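# Sequence first, predicted coordinates after that:
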Amino acid sequence: MKPRVGVLALQGGFAAHAAILHRLDVRVDEIRTAEQLAAVDALVMPGGESTTMSMLLERSGLLEPLAERLDGGMGVLGTCAGMILLAAEVVDGRADQHSLGLVDITVRRNAYGTQIESFEADIAVYGFETPFHAVFIRAPAVERVGPGVEVLARHEGRPVLCRSGRATVAAFHPELSGDGRLHARFLDDL
Ligand code: GLN
């Protein structure tokens, strides 16, 4: 049976993720409520603004059910703000911003901001035969990677794609370069 994949649709770049997933022939649901979350097999947490998304997760009553599903081993792909929300530790976050703490990494919000706000780069991704075009938009920097976390790609030495159990997190926006390989791998790993 085709997996049913949710895209967290409270805020941010969910539509482009949904479009890529549609191309990969899975059933895609936009997730805004706990009932919708309960119906999917896996979840994509898009980029956007992690502080706003954190607040909306709380207001929508999704925060606790989401934490429970993640604890239960649901597959999740978090990109940019999604990566921040899934990280164990956030530097330069807002004091009231929630962290789901699923992936044992430390991320610094908007870390690339002082250099250039946004940039693109071709990066080598473990297991891909050709480079992946990565779009970074006010991206978080991964400053620490815990022992159980695999680094699947780096940019200038810094981890930008990590996997831990059934969670994959990217500092960049894989949904914006028209390349479905990362989403396809995420689905294969489910
Ligand atoms: N800077 C944003 C944040 O802190 C993330 C940017 C993005 O998702 N493109 O949430």
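Thanks, I have it.

# low-confidence ranges in the chain?
113-116 (pLDDT under 70).

# Which residues of it lie near the ligand?
Neighbours of the ligand within the chain, by C-beta under 6 Å from any ligand atom: 47-50, 80-81, 84, 109-110, 137-138. For the C-beta atoms, the positions are set from N, CA and C on the backbone; glycine is no exception.

# From those, list just the buried residues.
By neighbour count, with 16 or more other C-beta atoms under 10 Å, the residues of the chain next to the ligand hold 47-50, 80-81, 84, 109, 137 as buried.

# Next step: those restricted to helices.
50, 81, 84 (DSSP state H).

# The first one contacts Ile84, doesn't it?
Yes: between Ser50 and Ile84 there is a contact under C-beta atoms under 8 Å: 4.0 Å.

# what touches both of the two?
90, 93, 109 (C-beta atoms under 8 Å, 6 or more residues apart in numbering).

# Give the full set of residues in contact with the last one.
Put plainly, it is Arg109. 50, 84, 90-93, 140.

# Most neighbours of all those, which one?
Neighbour tally across the contacts of Arg109 (other C-beta atoms under 10 Å): the maximum, 32 neighbours, falls on Ile84.

# how far away is Val160 from the ligand?
Distance, Val160 to the ligand, by C-beta to the nearest ligand atom, to the nearest Å: 13 Å.

# which non-adjacent residue is nearest that residue?
Ala171 (4.3 Å; C-beta to C-beta, 6 or more residues apart in numbering).

# you'd agree the one you found is up against Phe136?
Yes: using C-beta under 8 Å, Ala171 is in contact with Phe136, at 6.6 Å.

# what residues are shared contacts of the two?
155, 160.

# Name the residue in the two with the higher neighbour count.
Between Ala171 and Phe136, counted using other C-beta under 10 Å, the more crowded position is Ala171 (27 against 23).
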